[in-house]
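Undergrad: Got a sequence here, can you build the structure:
(one chain, ligands or ions: 1)
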Amino acid sequence: MPVLEIRAARKIFYKGQPDEKIALNGLNLKLGNGDFAVVIGSNGAGKSSMLNAISGALKLDSGNIVINGDDITEKPVHKRAVHIARVFQDPMLGTASSMTVAENMLLAELRGKPHTLRPGLNARRLSDYRERLAMLGLGLEDRLNTRVDLLSGGQRQSLSLVMAVGGSPDLLLLDEHTAALDPRTAEIVMNATVRAVDALKLTTLMVTHNMQHAVDYGNRVVMLDAGQVRLEIGGEEKSRVTVPDLIGHFSTKTDRMMLAS
Ligand SMILES: Nc1ncnc2c1ncn2[C@@H]1O[C@H](COP(=O)(O)OP(=O)(O)OP(=O)(O)O)[C@@H](O)[C@H]1O
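TA: The predicted model follows:
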């Protein structure tokens, strides 16, 4: 059974008006257990709309979102949050600046839990956090008492990632999560991402404008165009694909693409 299935997802903004925009045009996509799919596509291709439809932030006009056989199309965002983790572009969004690394981990752990179940930081928790932070390979396990605003952007975004996946989600959504970082920091976060995805065997959907990342990471590339999947590359072909190959599939609007050299 696929972990994620998007069936004929359709979303039109300003329907019937002169500025009508077709964001999703009968989009179909399946992700199997442990798949790491990198989603690319021109501006306006529907990448964010697709992630928003999965997370519940965007209500579809028609079509279905199914997670592990459970049709979640009508479920609100907070009810989907147990299944779906999401990391956004802005490293400041996922963490609380004035709190320590350990306090942030605790916040993430208690998110959505009943208020009666709120014990504080104890030895068991700290050891669990240390173990999970060590997974990133950034030494954050030794900085549990450091305030988050003293961390580098890369450490902070990697912490957001660990916080997001703490509840063992079925699906991880990475929403251009390295786009706001300089290239070196982006590589640090990507390495930490791969380590976490591998260690936790997460099924992952990563949106990026970075073609080199689409080549280097994941086992599938999914190219969206005009609200549909235009191209899917997997298996052997994925391991051989190059940046020029991918760019060759963009018909138009490549002007704002970040072409990594
Ligand atoms: N909230 C909205 N209101 C109106 N139109 C929208 C809204 N969100 C998206 N759209 C339109 O839907 C289409 C798909 O947009 P979407 O943001 O999903 O594309 P994208 O592939 O994520 O683009 P980008 O790479 O620029 O982030 C575009 O034409 C966009 O203008």
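
Undergrad: residue closest to the middle of the chain?
TA: Leu174 (1.5 Å; C-alpha atoms, centre = their mean).

Undergrad: wait, is that one part of a strand?
TA: Yes: counting by DSSP: H, G, I helix; E, B strand; the rest coil, one finds Leu174 located in a strand.

Undergrad: Show the contacting residues for it.
TA: Contacts were defined as C-beta atoms under 8 Å, 6 or more residues apart in numbering; by that measure Leu174 touches Arg86, Val87, Thr193, Thr204, Leu205, Met206, Val207, Thr208. C-beta: built from backbone N, CA, C; applies to glycine.

Undergrad: and if we set it to 10 Å?
TA: Neighbour list for Leu174: 36, 38-39, 51, 85-89, 161, 164, 189-190, 193, 197, 204-208, 217 [criterion: C-beta atoms under 10 Å, 6 or more residues apart in numbering].

Undergrad: Just the element for the closest residue to Val82 other than its chain neighbours, please.
TA: In space, and not counting its chain neighbours, Val82 is closest to Gly167: 6.5 Å by C-beta to C-beta, 6 or more residues apart in numbering. Gly167 is part of no helix or strand when elements are defined by DSSP states H and E.

Undergrad: Thought Met105 was touching Gly167, still the case?
TA: No: taking contacts as C-beta atoms under 10 Å, Gly167 lies outside contact range of Met105: 12.0 Å.

Undergrad: Looking at those two, which is more packed in?
TA: Using other C-beta atoms under 10 Å as the criterion, Gly167 and Met105 rank with Met105 on top: 26 against 16.

Undergrad: residue ranges with poor pLDDT in this protein?
TA: For the chain, applying pLDDT under 70 flags the ranges 112, 114-118, 251-261.

Undergrad: and the longest helix anywhere in it, which residues are buried?
TA: Longest among the helix segments of the chain by residue count, using DSSP state H, is helix 183-200. Buried positions in helix 183-200, judged by neighbour count with 16 or more other C-beta atoms under 10 Å: 185-197, 200.

Undergrad: can you check stretch 5-23 too?
TA: When burial is assessed from 16+ other C-beta under 10 Å, stretch 5-23 yields the following buried residues: Glu5, Ile6, Arg7, Ala9, Arg10, Lys11, Ile12, Ile22, Ala23.

Undergrad: before we move on, what about stretch 60-73?
TA: Going by 16+ other C-beta under 10 Å, stretch 60-73 has these buried residues: Leu60, Gly63, Ile65, Val66, Ile67, Ile72, Thr73.

Undergrad: could you redo these as CSV and give each row distance to the ligand?
TA: Formatted as CSV, the buried residues of stretch 60-73 follow (distance: C-beta to the nearest ligand atom, whole Å):
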residue, distance to the ligand
Leu60, 13
Gly63, 15
Ile65, 15
Val66, 20
Ile67, 20
Ile72, 19
Thr73, 18
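
Undergrad: before we move on, back to that, can you put the buried residues of stretch 5-23 in JSON lines and add distance to the ligand and secondary structure?
TA: What follows is these, written out as JSON lines (distance: C-beta to the nearest ligand atom, whole Å; DSSP: H, G, I helix; E, B strand; the rest coil):
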{"residue": "Glu5", "distance to the ligand": "19", "secondary structure": "strand"}
{"residue": "Ile6", "distance to the ligand": "13", "secondary structure": "strand"}
{"residue": "Arg7", "distance to the ligand": "18", "secondary structure": "strand"}
{"residue": "Ala9", "distance to the ligand": "11", "secondary structure": "strand"}
{"residue": "Arg10", "distance to the ligand": "12", "secondary structure": "strand"}
{"residue": "Lys11", "distance to the ligand": "8", "secondary structure": "strand"}
{"residue": "Ile12", "distance to the ligand": "9", "secondary structure": "strand"}
{"residue": "Ile22", "distance to the ligand": "7", "secondary structure": "strand"}
{"residue": "Ala23", "distance to the ligand": "3", "secondary structure": "strand"}
